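A.B. asks: the sequence and its predicted three-dimensional model are supplied below.
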Amino acid sequence: MNCGEGIDTRQVDELFINLDPIQAGGRLTTDAMKAVLAYGDGYSVCDNCVKPFRLDHISKPPLADFHRDLADFLQMDVARLVPGARRGFQAVAGALVSPGDPVLLTAYSHYTEFLSVEQSRGIPFEIPADELHIITPDAAAARIEEVIRTTGKTPSLMFVEQVDYQYGNLHPVAKIAKVAHQYDIPVLCNGAYTVGIMEVNGKELGADFLTGSGHKSMAAPAPSGVIATTDEWADKVFRTTGIKGDLTGRTFGIKEVEMMGCTLMGVTSVGMMASFPHVKKRVKEFDRQLQHVNTIVDALLSIDGTKIQSEYPRKHTLTRMNTIDSFDKVAKTHKKRGFFLTSALRERGITGILAGSTRVWKFNSYGVSKEQADHVARSFIEIAEAEGLTITG
């Protein structure tokens, strides 16, 4: 089967248990798959678009309602769809950061957060992590003081990850935001790995801005995401155009500048909306997913020499393992070298771990069933035993 000349049909999630770190939360629901077929044409949501010609005002399909529902879901005041969390970073930095402004990020900030600062010509300063790979309020306070002392300016924005992409650790965003607000620094909480995965209350977190990724964590087609804010900041980040053509005198209604007008024109918006009822339900069942990931981690830790680099027990399903003293020792003499592990997993119907990884690697078990988690756990132990590694658990 193929999707046209040279384009194979993708059947990864149909044929395997997929542990890919960035794909687990983005698997489409059946309803989203239907939306892909029905709304795949580029401007499909524009059939019933009337004045003021803006995505968040379209009532059929019910995108206007969806925008309001998203804001409620995140416990924020206003929300907009964007092409991925990164475009939320870009919108906020574009609205708040002026050239030369210091901007706070963390040691685990995503590269797109840095790019949004660079595009706005801000100057990035990182908050360091502690020895447990956690960003602490004390570290945030110390870095703020240092930046003010050395630059003479208060940072115009702080980025902080609720769960970071390197270790999958859960950071104390509410306490960090409280520190930032003591200096009147607005806070953008990056929820790319949490919004749509676990329950997130933006106001409880103290977030002035909250981003989510549709294609990473909300069972939506790519590129899709959400940026939400409070009434205090909505007029600034969602400001409407005031420009006018000098020859024609043209104006452009209430198009939003940082959104570049409409954002998600077709299948991305409707696919995200189609999955939303399922997403609202699944965030309430996150504890079950934590049980599954800890089943897998416990099995790995029973293999002598294996270590976990993420916090443990796990508070999120994205996990970083260190197998330098276990699987990597096997790789040094195995005929397949470092590829033996992913090859052995694939033979057991498991994929998604970076091919050739036997030193430090990540996996994300989000969405697996208990039976699948048990199979993955058993598979790691079977592979270890077959290669002569000691099981201590």
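C.D. replies: Perfect, thanks for sending it.

A.B. asks: now Pro83, nearest residue through space, not along the chain?
C.D. replies: Leaving aside its chain neighbours, Pro83 sits nearest to Pro223 (4.1 Å; criterion: C-beta to C-beta, 6 or more residues apart in numbering). Bear in mind the C-beta positions are built from the backbone N, C-alpha and C, glycine included.

A.B. asks: same question, Glu113
C.D. replies: Per C-beta to C-beta, 6+ apart, closest to Glu113 is Phe159, 4.8 Å.

A.B. asks: same question for the one helix or strand the one you found maps to, mean pLDDT?
C.D. replies: Per DSSP states H and E, Phe159 falls inside strand 157-161. On average, the pLDDT along strand 157-161 is 98.

A.B. asks: okay, now the sheet partners of that strand, with direction.
C.D. replies: strand 102-106 (parallel), strand 187-190 (parallel) (DSSP bridges).

A.B. asks: just say which of those is most tucked in.
C.D. replies: strand 187-190 (a mean of 29; mean count of other C-beta atoms under 10 Å).

A.B. asks: show me how far stretch 302-310 is from its chain's centre.
C.D. replies: Using C-alpha atoms, centre = their mean, to the nearest Å, the mean C-alpha position of stretch 302-310 is found 26 Å from that of the whole chain.

A.B. asks: same check, this time on stretch 379-393
C.D. replies: 33 Å.

A.B. asks: buried residues in that stretch?
C.D. replies: 379-381, 383-384, 387, 389 (16 or more other C-beta atoms under 10 Å).

A.B. asks: out of those, who's nearest Pro102?
C.D. replies: Phe380 (44.9 Å; C-beta to C-beta).

A.B. asks: helices or strands next to the helix or strand hosting Asp298 in the packing?
C.D. replies: Following DSSP H and E, one finds Asp298 within helix 286-301. Packed against helix 286-301 by the contact rule (3 or more C-beta pairs under 8 Å, 6 or more residues apart in numbering; DSSP states H and E) you find strand 307-308, strand 318-322, helix 370-386.

A.B. asks: domain parsing for this structure?
C.D. replies: 12-22+285-386, 26-282 (automatic domain parsing).

A.B. asks: quick revisit: next SSE downstream of the strand holding Phe159?
C.D. replies: Following strand 157-161 in sequence, per DSSP H and E, is helix 173-182.

A.B. asks: can you pull the buried residues of that next one?
C.D. replies: 173-174, 176-177, 179-180.

A.B. asks: that older thread, save the domains of the chain as TSV, and put in distance to Gly4 too.
C.D. replies: Below are those laid out as TSV (distance: least, C-beta to C-beta, whole Å):
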stretch	distance to Gly4
domain 12-22+285-386	18
domain 26-282	14
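
A.B. asks: now the strands for this structure?
C.D. replies: 17-18, 78-82, 102-106, 123-127, 157-161, 187-190, 209-213, 225-229, 307-308, 318-322, 350-351, 360-364 (DSSP state E).

A.B. asks: spit out the contact partners of Ser217.
C.D. replies: Listed by C-beta atoms under 8 Å, 6 or more residues apart in numbering, the contact set of Ser217 reads 25-26, 191-197.

A.B. asks: out of the residues you listed, who's nearest Arg359?
C.D. replies: Using C-beta to C-beta, the contacts of Ser217 come closest to Arg359 at Tyr193, 22.9 Å.

A.B. asks: what sits against the closest one?
C.D. replies: Contacts of Tyr193 (C-beta under 8 Å, 6+ apart): 25, 161-165, 168, 213, 216-217, 316, 318.

A.B. asks: if you set the cut-off to 6 Å instead, what comes out?
C.D. replies: Tyr193 is in contact with Val163, counting by C-beta atoms under 6 Å, 6 or more residues apart in numbering.

A.B. asks: next, it: phi, psi?
C.D. replies: Phi and psi for Tyr193, reported as degrees, to the nearest 10, are phi -100, psi 10.

A.B. asks: got it, and Leu389?
C.D. replies: phi -80, psi 150.

A.B. asks: for Leu341, see how far away it is.
C.D. replies: As judged by C-beta to C-beta, to the nearest Å, Leu389 and Leu341 stand 11 Å apart.

A.B. asks: pLDDT of stretch 86-100, averaged?
C.D. replies: According to the model, stretch 86-100 has a mean pLDDT of 98.

A.B. asks: off-centre distance for it?
C.D. replies: Using C-alpha atoms, centre = their mean, the offset of stretch 86-100 from its chain centre is 18 Å.

A.B. asks: cool, and stretch 242-256?
C.D. replies: 35 Å.

A.B. asks: gap between the two ends of it?
C.D. replies: 10 Å (C-alpha to C-alpha, to the nearest Å).

A.B. asks: brilliant, that's me finished.
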